[in-house]
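Student: model the structure of this input:
(one chain, ligands or ions: 1)
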Amino acid sequence: MKFALVNNERCEPTPKTRGICPVCNGVVIAKCGKLKAHHWAHESKQDCRNDRWETEGEWHRNWKNKFPIECQEKIILANEVKNIADVQTNKGLVIEFQHSHMDSEEQRARENAYKNMIWVVDGTRLKYDFPRFKKNVRDNSRLFLEIRKNVKLFSVDFCDEVFPKNWINCSVPVVFDFLGLEDEEKADVFQKYLYLLLPKQKSNDFSAFMLYLPRTMFIPLINNEWELFYPKLVSSIIDIQKAKKESIPQPVVYFPKRRFRRRF
Ligand SMILES: [Zn+2]
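Tutor: As a prediction, this is how the structure comes out:
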């Protein structure tokens with residue numbers, strides 16, 4: 001973990017200090033070595049939900065640090081259990097960054113605990129996920145709605161052929177980052193974007209919607225617009241689908257802040 005309580009204040013680790021874990025109140029020791037990012041570790045092995053933060057890697061840290069310090073490692077009480085969310089924005093959205101494998105039970109538990117959340121997943125952990133994505137995404141996607149320049153919504157058929165399989169049935173949006181730890185300046189055209197997979201409308205659907213957005217737009221979108229943007233996105237999909245089904249003219253979709261029109 002990056003923050004522990006020292007004299008009742010949230011502090012980052014400094015050499016040879018001790019603190020208190022904000023979740024279990026156990027003693028934690030500052031680990032300020034050269035190999036791993038400085039962090040706090042529990043003094044004695046114990047069953048604490050905050051333990052997983054001890055092993056967070058550089059990718060995870062980099063993402064977390066894109067948000068203000070006061071939004072990082074937020075304690076959230078759900079069903080009388082204290083959880084630590086990687087990030088919670090001032091408006092209440094939780095963002096969890098996931099590099100390592102996670103089983104579906106733990107996934108669901110966190111989605112149920114936070115509800116208003118999104119996952120950001122390291123798409124570079126497994127060797128074949130990114131090549132597979134590149135190979136299949138174009139064939140399987142159709143433009144559904146152009147939201148603004150470079151922000152487009154696609155419908156994706158057979159999304160299990162496109163995205164890592166254990167992330168396609170989440171009940172909250174999942175963002176795939178295929179850049180990983182590579183240098184942003186060397187990013188290829190696919191890596192310049194993030195791919196936000198919306199929850200499927202029905203759990204047995206093979207298709208889903210994917211928002212394609214430039215990396216640079218993600219943080220401003222999350223921090224400033226998400227609470228208006230996301231419900232509007234979901235309701236627009238439903239309105240357009242309904243119009244298509246009834247063969248009536250498709251609605252012009254207005255998004256908050258700027259006006260957007262369907263291209264076709
Ligand atoms: Zn603890």
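Student: packing partners of the longest helix along the chain?
Tutor: The single longest helix within the chain, with elements called by DSSP state H, is helix 226-245. Under the contact criterion of 3 or more Cβ pairs under 8 Å, 6 or more residues apart in numbering; DSSP states H and E, helix 226-245 touches strand 141-148. Using the backbone N, CA and C atoms, a C-beta is placed for each residue, glycine as well.
Student: give me the pLDDT value at the residue of the stretch 101-250 of the chain found nearest the ion.
Tutor: Using Cβ to the ion, the single residue of the stretch 101-250 of the chain nearest to the ion is Ala113, 16.8 Å away. Looking at Ala113, its pLDDT reads 92.
Student: any residues of the chain in contact with the ion? List them.
Tutor: Those residues of the chain that sit near the ion, judged by Cβ under 5 Å from the ion, are Cys21, Val23, Cys24, Gly26, Cys48, Asn50.
Student: give me the distance between the fifth one and Pro22.
Tutor: Which is Cys48. Note on Cys48: its distance to Pro22, by Cβ to Cβ, to the nearest Å, is 10 Å.
Student: now the helices: where do they sit in the stretch 101-250 of the chain?
Tutor: Counting by DSSP state H, counting those that start in this stretch, the stretch 101-250 of the chain has helices at residues 104-114, 129-140, 215-220, 226-245.
Student: for the closest residue to Met117 other than its chain neighbours, phi and psi?
Tutor: In space, and not counting its chain neighbours, Met117 is closest to Val94: 3.9 Å by Cβ to Cβ, 6 or more residues apart in numbering. Main-chain dihedrals, Val94, degrees, to the nearest 10: phi -90, psi 140.
Student: is Val94 bridged to anything, and to what?
Tutor: Applying DSSP bridges to Val94 gives these bridge partners: Gln88, Met117.
Student: next one: Leu194
Tutor: Going by DSSP bridges, Leu194 forms beta bridges with Leu213.
Student: in contact with it, which residues?
Tutor: By Cβ atoms under 8 Å, 6 or more residues apart in numbering, the contact set of Leu194 is Val175, Phe176, Asp177, Leu213, Pro214, Arg215, Phe218.
Student: ok, it to Ala187 distance?
Tutor: Leu194 is 11 Å from Ala187, by Cβ to Cβ.
Student: same check, this time on Leu198
Tutor: 24 Å.
Student: between those two, who's got more neighbours?
Tutor: Shown here are Leu198 and Ala187; by other Cβ atoms under 10 Å, Leu198 has more neighbours (20 against 14).
Student: just put the helices of the stretch 101-250 of the chain in TSV and tack on mean neighbour count and distance to Leu35.
Tutor: Converted to TSV, the helices of the stretch 101-250 of the chain look like this (neighbours: other Cβ atoms under 10 Å; distance: least, Cβ to Cβ, whole Å):
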stretch	mean neighbour count	distance to Leu35
helix 104-114	15	27
helix 129-140	16	26
helix 215-220	14	28
helix 226-245	15	36
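Student: export those helices as TSV, with columns for distance to Ala30.
Tutor: Formatted as TSV, the helices of the stretch 101-250 of the chain follow (distance: least, Cβ to Cβ, whole Å):
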stretch	distance to Ala30
helix 104-114	27
helix 129-140	35
helix 215-220	29
helix 226-245	34
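Student: so where's the chain uncertain?
Tutor: For the chain, the stretches with pLDDT under 70 are 50-55, 254-264.
Student: Arg110 touches Val81, doesn't it?
Tutor: No. The pair Arg110 / Val81 is not scored as a contact, 11.1 Å apart, by Cβ atoms under 8 Å.
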